[in-house]
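Enquirer: All I have is the shape, not the residue letters:
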């Protein structure tokens, strides 16, 4: 195996161990020494990739973001209408949260470090992406013509953030899909033009059914 | 001054200093020693009321909750329709977050300790209160008869949590009132029966304009 490929595999091994730890204990509860032990690697091998706990946290947030963007791209490439794609994306991200420890850890870290350092980046990226989808959905006539896509995007990302947070705190995310579905049940009648209301059930039911990627995607080497 | 009254004043002084510190630095960034110093009180006076940082955090979350409940009661006592009261309540809590450091600190602590220990209490209390309001609003004909008040309450509290979180992270809460207004702009057309749509602007514009209480309310003595 080439040196670079070996390094990428090692890095992935560390990211997996760190994600499991951060997902379970959060940033303040996790220790670098425990993560090091869980990797089963030598100190030197780990330090070659990451110098500290905050380095690891940064790498996991970046990796979570990369997996989310990969899902955005995959869903944007489907034949579904753009409004259906927005619904699919919420459920897809929800499934990633349930199935992928790297995504779960990344979100927990964003929230925990976010309340300390308030990094706006991930939220702004999501709002920008959602706004572009919203603009297309207006053009396709599935959203009210007078609706401001920027306002809608801001609210959808805010509401989704809260929905996943409460589902996590109140139900360990077992009801996440149901709660996302309820969000769209309440929102769609108010944002779709009356002339398209016969499509509400189809839009609400839109799902991404293919594998999510997750560990199937190569972890990018630094 | 009676001994009990003096103790209550001291306690309030400590809660204020601790709230300012937690609001600024969060739970992990705040130190008990620094809070002690900021109170300007003796070590003994502080320890008489609070033995640790986590004790202080608990008292602040409880006090924030008490102030929120006082607002719920005050708004429930107005002549406004129940749906207007729900909108007033969101804006009232938003104003408390902006104006009252104890409320801000309480919410930050709930979020930070929440991601560690996941205390469901505050969220469940809000959902229960909102569900009762929602049930009355259905009876008053302002919400669609087929709407499930429990589902609505769960979503409103989730969405509000996300809206205030993103407004904090992205804008230091300066746009909070506007973002809450946008939430209702998007939600009301889908949850109010078409026959009541001429009242949408009135409902959206409902505000609680009286003082919020905050430090006017006596801090409960332990």
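Expert: Ah, there it is. Because the structure is a prediction, the values reported are computed rather than measured.
Enquirer: which secondary element of chain A has the worst mean pLDDT?
Expert: helix A:101-117 (a mean of 79; mean pLDDT, DSSP states H and E).
Enquirer: relative to helix B:101-117, how tilted is that helix?
Expert: Helix A:101-117 runs at 160 degrees relative to helix B:101-117, counting by axes from the mean of the first three to the mean of the last three C-alpha atoms, to 10 degrees.
Enquirer: helices or strands up against the longest helix seen in chain A?
Expert: Secondary structure of chain A per DSSP state H: the longest helix is helix A:3-29. If you count contacts as 3 or more C-beta pairs under 8 Å, 6 or more residues apart in numbering or on different chains; DSSP states H and E, helix A:3-29 packs onto helix A:32-39, helix A:43-49, helix A:53-76, helix A:101-117, helix B:101-117. C-beta coordinates here come from the backbone N, C-alpha and C atoms, glycine included.
Enquirer: Mind checking those for the one nearest to residue A:211?
Expert: Nearest to residue A:211 among the helices and strands packed on helix A:3-29 is helix A:53-76 (9.9 Å), distances taken as C-beta to C-beta.
Enquirer: I'd guessed residue A:91 sits against residue A:207; true?
Expert: Yes: the criterion here is C-beta atoms under 8 Å, and residue A:91 meets it with residue A:207 at 5.5 Å.
Enquirer: Mind putting the helices and strands packed on helix A:3-29 into CSV with mean neighbour count and distance to residue B:41?
Expert: Shown next, in CSV, are the helices and strands packed on helix A:3-29 (neighbours: other C-beta atoms under 10 Å in any protein chain shown; distance: least, C-beta to C-beta, whole Å):
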stretch, mean neighbour count, distance to residue B:41
helix A:32-39, 16, 38
helix A:43-49, 15, 46
helix A:53-76, 19, 35
helix A:101-117, 23, 28
helix B:101-117, 23, 18
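Enquirer: With distance to residue B:178 added, can I get the ones you listed in TSV?
Expert: Shown next, in TSV, are these (distance: least, C-beta to C-beta, whole Å):
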stretch	distance to residue B:178
helix A:32-39	42
helix A:43-49	44
helix A:53-76	27
helix A:101-117	21
helix B:101-117	18
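Enquirer: which one of those lies closest to residue B:51?
Expert: helix B:101-117 (17.0 Å).
Enquirer: The helix or strand just after that closest one close to chain A?
Expert: Using DSSP states H and E, the helix or strand that follows helix B:101-117 in sequence is helix B:121-139. Yes: on the criterion C-beta under 8 Å from any C-beta of the partner chain, helix B:121-139 is in touch with chain A at B:123, B:124.
Enquirer: after helix B:121-139 comes which helix or strand?
Expert: Following helix B:121-139 toward the C-terminus (DSSP H and E): helix B:149-171.
Enquirer: Mind checking the helices and strands packed on helix A:3-29 for the one nearest to residue A:4?
Expert: Using C-beta to C-beta, the nearest of those to residue A:4 is helix A:43-49, at 12.7 Å.
Enquirer: shaky segments in chain A?
Expert: A:1, A:114-120, A:212-222 (pLDDT under 70).
Enquirer: let's see 50
Expert: A:214-222 (pLDDT under 50).
Enquirer: mind listing what the most far-flung residue of it relative to its centre touches?
Expert: The C-alpha centroid of chain A is most remote from residue A:195, which lies 32.6 Å away (C-alpha atoms, centre = their mean). Contact partners of residue A:195, counting by C-beta atoms under 8 Å, 6 or more residues apart in numbering or on different chains, are residue A:141.
Enquirer: ok, back up a step: right, so of the helices and strands packed on helix A:3-29, which gets closest to residue A:201?
Expert: helix A:53-76 (19.6 Å).
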